[in-house]
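# starting from these lines, generate the structure:
(chains A and B)
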Number of protein chains: 2
Amino acid sequence: MAYRAVDRGVVSELEGILGKSAVFADPENLEKYSSDETTEVSFRPGVVVKPGKTADVVAVMRYAWENRIPVTPRSGGTGVVGGALPSCGGILLSLERMNRIREVDEENLMCVVEPGVITGDLARRVAESRLFYPPDPASIDSSCIGGNVAVSAGGPSAVKYGTTKDYVTGLEVVFPDGSMAKMGGKVVKNATGYDLIGLMVGSEGTLGIITEVTLRLLPLPPHSVDLLIPFGDLTGAATAVSEIIKERIVPATIEFIEAEALRVVREFLKKEIPFVDAGAQLLVRLDGETKNHIETDLERLWEVVRRMGIEDIVVAESSTTQDRLWEARRVIRDAVQWKSPVKNGEDVVVPRSRIPDFVVRAKGALDEVGLASIFFGHAGDGNIHVEILKGALTDEEWETRLAEARRRVYGIARELGGLLSGEHGIGYIRKEYLDTFIDDAGLRVMKRIKEAIDPRGILNPEKIFI
Amino acid sequence: MAYRAVDRGVVSELEGILGKSAVFADPENLEKYSSDETTEVSFRPGVVVKPGKTADVVAVMRYAWENRIPVTPRSGGTGVVGGALPSCGGILLSLERMNRIREVDEENLMCVVEPGVITGDLARRVAESRLFYPPDPASIDSSCIGGNVAVSAGGPSAVKYGTTKDYVTGLEVVFPDGSMAKMGGKVVKNATGYDLIGLMVGSEGTLGIITEVTLRLLPLPPHSVDLLIPFGDLTGAATAVSEIIKERIVPATIEFIEAEALRVVREFLKKEIPFVDAGAQLLVRLDGETKNHIETDLERLWEVVRRMGIEDIVVAESSTTQDRLWEARRVIRDAVQWKSPVKNGEDVVVPRSRIPDFVVRAKGALDEVGLASIFFGHAGDGNIHVEILKGALTDEEWETRLAEARRRVYGIARELGGLLSGEHGIGYIRKEYLDTFIDDAGLRVMKRIKEAIDPRGILNPEKIFI
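Next up, the predicted model:
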């Protein structure tokens, strides 16, 4: 695809369209928007634009379409797969200025927000109205709704509450040619033509730029209790998850942390953490409308754990003690990064019951390849974060071993009925592995959809597909 | 689009592919598959095929693709918008023989089913394992999962539990060219390429034929209680719905029935029904894990209703009395059909808070046009069924007035932020109105997707789009 390069002429034409205060071509800005939270990869945009409203996005896309200039949309810049990196240069379109919560509609239990709203800000705002926006990615206080929609972000609460896609009922989208469409609205049912919302959510900014999102909300569960449960090994923890589910208890979250992660976290935090010598921990949250309801579930869950011979657990009902229980889980990525500044993070997803198989086999494969690894994640929904550490390896050793490791880990996930990504997306750094998980026919249809909507290939090129 | 007509040669070629026992060209079968539950419209297929497995569907599609013969997929044949009618003749592909529940997976809370499984059979089967498949279209005992997926069918429980799209985690699809893809699986999180599942659900059999569905399940709520609440008028009932939601109570269902519907039902059933003189009724179901939980909600709900001056309600906790309460709601369509064999059914959806506005204005518009109408439906999710009755009008009067009535009713829904269909789809009979609700840019993208996946236009042609 031959693109027009961004030169001084393009910059001044964009300034003419958006005004000078929304166009940035200085080295500092170009540097800042060259990277996100993806380690080891960065690309410099030709120019950065910061539209303030939908009409600005339309104007930029029309210009880019006419001139065949690549456009990479970005909101919070917290992605870990390079999905918001301008790998072909061109225009980096940051949605950070479109950050208003337009409406919290208490009658319809809906809210209308711009893509640059930080997810945690939205969750706190609706909580003031006793409402609940459940998706809770680890990056909740820095990632934005726009990016969350782009990858259908999940989080610990997905086991009970699903992911972003389960909350989007309306979108405003600007397509690559600069045309704009409103889809859906404040309605929970919609059988009016193809579900373009379903298609747009998770399309990683390759089919259109999201300029407004309507989200459904739930009543805020007023009560919750957290449990930290130690196990001898990960298989024990995974068995407990199966037993809990078989009891028909669906906790709000069921997170697992393996022994190696606990040790790294202790080293990083330089303080004692509960049950640090456990082979694995489960961190379970129960929530509900009444204390009584939670107590019933808690009693049944206790019974499951006791049957497995575990007597000592920590129960936290106040937010202070809850925060303390979650501390280890929350800092894992930081601790890993501190331990090994160069690392690789995977987020494969397997059927929940296959977690022990996956962890045992994947850890074995990584050991064989000679790579240190840390496993943690969402035991309730089968989404496992595998952090692979470079440590003291040479660059060459690291690259060779990592390629082999990913091939093997993905092969195991695939065999167990799993998929490449649960919540981070494919982006730039996983695209050569997509065909391990998607049939030829499915991949062909995906690419045809991309071509049909973006025949000039200008919107977020080089993402998802090789 | 020039299609090859189905002649004796095509029939015998299909017999060669599928075997004689799966191909039907006799007048009786051609007649049977000419209509579904859409009144006033029928089309005769050239031939009917009944594949028994995915490979058969692949073989039929390859043949149809090579020979440019239209294929119309059908499962339960209970659609009310003509979506499964072979309007271009060709091959009617009935999925009725692919009706196995392949697996109920209690560890992952998932099931795997073929498209011809009747939804009610599935719900009962999983309930034996204390599991819950929530979508409950009125046609639950005759419609099939395949068709439910094709229109993202809803039902009364959508207010709390969402629609079919919220439960599909995996699909096997045969595309128009006969290629086949498996998508997703037993995973609740998936950010692995475009969400083709999201696109396929609700595409009304125009993009691919669904040959297997993986559905997530919930724990079965063991307790429920139903309440029948009479109001002076529909505005009062709608106000109560808003007040209930503002209290942060989310019932499993909130159905409404207006006065005229109650009278027709009494005439039809030839017996007394509770609160028959009410201006409107709400039928509310609360469900939950414990009796205690329901009682808390019930007490709060009672308080809301009492504040509105209503003292007399019926509460049903046993399944026998619950069935009696639901009887009137369930027979409305039959009663309307008995009253006026020719009728038109709409299922627009508006934001929940706009229901009173919609009903008052739409009823006024229908009165002005001179058409009798009956309103009922899902007050909890804004999905309103409007039955328009021909009664004693001449065909000409009926056609002229109905066209005008639809134009007006849709215009009102559109103004209130509503959409053309909540759960029935667009099919054959609503397609000329789709552009009232979908922007040009959105419609263009939908059509491009259709062309990209079905460039020969052979799969369920003449549906959704004009």
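
# what's the spacing between the closest residue to chain B within chain A and A:Pro176?
Chain B sits closest to A:Gly198 of chain A, with a gap of 2.4 Å, by C-beta to the nearest C-beta. Any C-beta I mention is one placed from the backbone N, CA and C, and that applies to glycine too. As judged by C-beta to C-beta, to the nearest Å, A:Gly198 and A:Pro176 stand 19 Å apart.

# which of the two has more neighbours?
Neighbours around A:Gly198 and A:Pro176, counted as other C-beta atoms under 10 Å in any protein chain shown, are more numerous at A:Gly198. The numbers are 27 against 23.

# so who does the more buried one touch?
For A:Gly198, the contact set (C-beta atoms under 8 Å, 6 or more residues apart in numbering or on different chains) comprises A:Lys165, B:Lys165, B:Asp195, B:Ile197, B:Gly198, B:Leu199, B:Val201, B:Gly202.

# where's the closest residue to it other than its chain neighbours, which helix or strand?
Nearest in space to A:Gly198, with sequence neighbours left out and distances taken as C-beta to C-beta, 6 or more residues apart in numbering or on different chains, is B:Gly198 at 2.4 Å. Per DSSP states H and E, B:Gly198 falls inside helix B:196-200.

# export that helix to PDB, keeping only CA atoms.
Taking Å, rounded to 0.1, in the frame of the first residue of the first chain, the C-alpha atoms of helix B:196-200 are listed here in PDB:
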ATOM      1  CA  LEU B 196     -17.300 -12.700  13.900                       C
ATOM      2  CA  ILE B 197     -19.600 -14.300  16.500                       C
ATOM      3  CA  GLY B 198     -21.000 -10.800  17.300                       C
ATOM      4  CA  LEU B 199     -21.500 -10.200  13.600                       C
ATOM      5  CA  MET B 200     -23.100 -13.600  12.800                       C
END
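
# now that helix, how far from the centre of its chain.
Relative to its chain's centre, helix B:196-200 lies at 17 Å (C-alpha atoms, centre = their mean, to the nearest Å).

# pLDDT averaged over it - what is it?
Mean pLDDT, helix B:196-200: 98.

# test my guess that A:Pro73 contacts A:Ile91.
No: the pair A:Pro73 / A:Ile91 is not scored as a contact, 9.5 Å apart, by C-beta atoms under 8 Å.

# identify the residues contacting A:Arg330.
Applying C-beta under 8 Å, 6+ apart to A:Arg330 gives the contacts A:Ala138.

# local confidence estimate at it?
On the pLDDT scale, A:Arg330 gets 87.

# okay, now the unreliable bits of chain A?
A:1 (pLDDT under 70).

# repeat the analysis, applying 50 as the threshold.
Low-confidence segments of chain A (pLDDT under 50): none present.

# any idea which helix or strand comes after the helix holding B:Gly198?
On the C-terminal side of helix B:196-200, the nearest following helix or strand under DSSP H and E is strand B:209-216.

# is stretch A:424-442 positioned near chain B?
Yes: Stretch A:424-442 is in contact with chain B by C-beta under 8 Å from any C-beta of the partner chain, via A:His424, A:Gly425, A:Ile426, A:Leu434, A:Phe437, A:Ile438, A:Asp439, A:Asp440, A:Ala441, A:Gly442.

# list the buried residues in that stretch.
By neighbour count with 16 or more other C-beta atoms under 10 Å in any protein chain shown, stretch A:424-442 contains the buried residues A:424-431, A:433-434, A:436-439, A:441-442.

# also stretch A:443-451?
Buried residues in stretch A:443-451, counted by 16+ other C-beta under 10 Å: A:Leu443, A:Arg444, A:Val445, A:Met446, A:Arg448, A:Ile449, A:Lys450.

# chain B next: which of those residues are close?
A:Leu443, A:Arg444, A:Val445, A:Met446, A:Arg448, A:Ile449, A:Lys450.

# in helices only, show me the residues you listed.
A:Leu443, A:Arg444, A:Val445, A:Met446, A:Arg448, A:Ile449, A:Lys450 (DSSP state H).

# where along the stretch 151-300 of chain A do the strands fall?
With DSSP state E, counting those that start in this stretch as the definition, the stretch 151-300 of chain A shows strands at residue ranges A:168-174, A:180-184, A:209-216, A:218-219, A:223-231, A:253-258, A:280-288.

# out of the ones you listed, which comes closest to A:Ser318?
With C-beta to C-beta, the closest approach to A:Ser318 among those belongs to strand A:223-231: 9.7 Å.

# please name the strands paired to that closest one in the sheet, noting orientation.
With DSSP bridges as the test, strand A:223-231 is paired with strand A:280-288 (antiparallel), strand A:314-316 (antiparallel).

# could you export the longest one as PDB, CA atoms only?
It stands for strand A:280-288. Provided in PDB are the C-alpha atoms of strand A:280-288 (Å, rounded to 0.1, in the frame of the first residue of the first chain):
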ATOM      1  CA  ALA A 280      -0.900 -21.100  44.900                       C
ATOM      2  CA  GLN A 281      -3.500 -18.700  46.100                       C
ATOM      3  CA  LEU A 282      -7.000 -17.900  45.100                       C
ATOM      4  CA  LEU A 283      -8.500 -14.500  45.700                       C
ATOM      5  CA  VAL A 284     -12.200 -14.700  45.600                       C
ATOM      6  CA  ARG A 285     -14.700 -11.900  45.800                       C
ATOM      7  CA  LEU A 286     -18.400 -12.500  46.600                       C
ATOM      8  CA  ASP A 287     -20.800  -9.600  46.000                       C
ATOM      9  CA  GLY A 288     -24.500  -9.100  46.300                       C
END
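
# okay then, goodbye and thanks.
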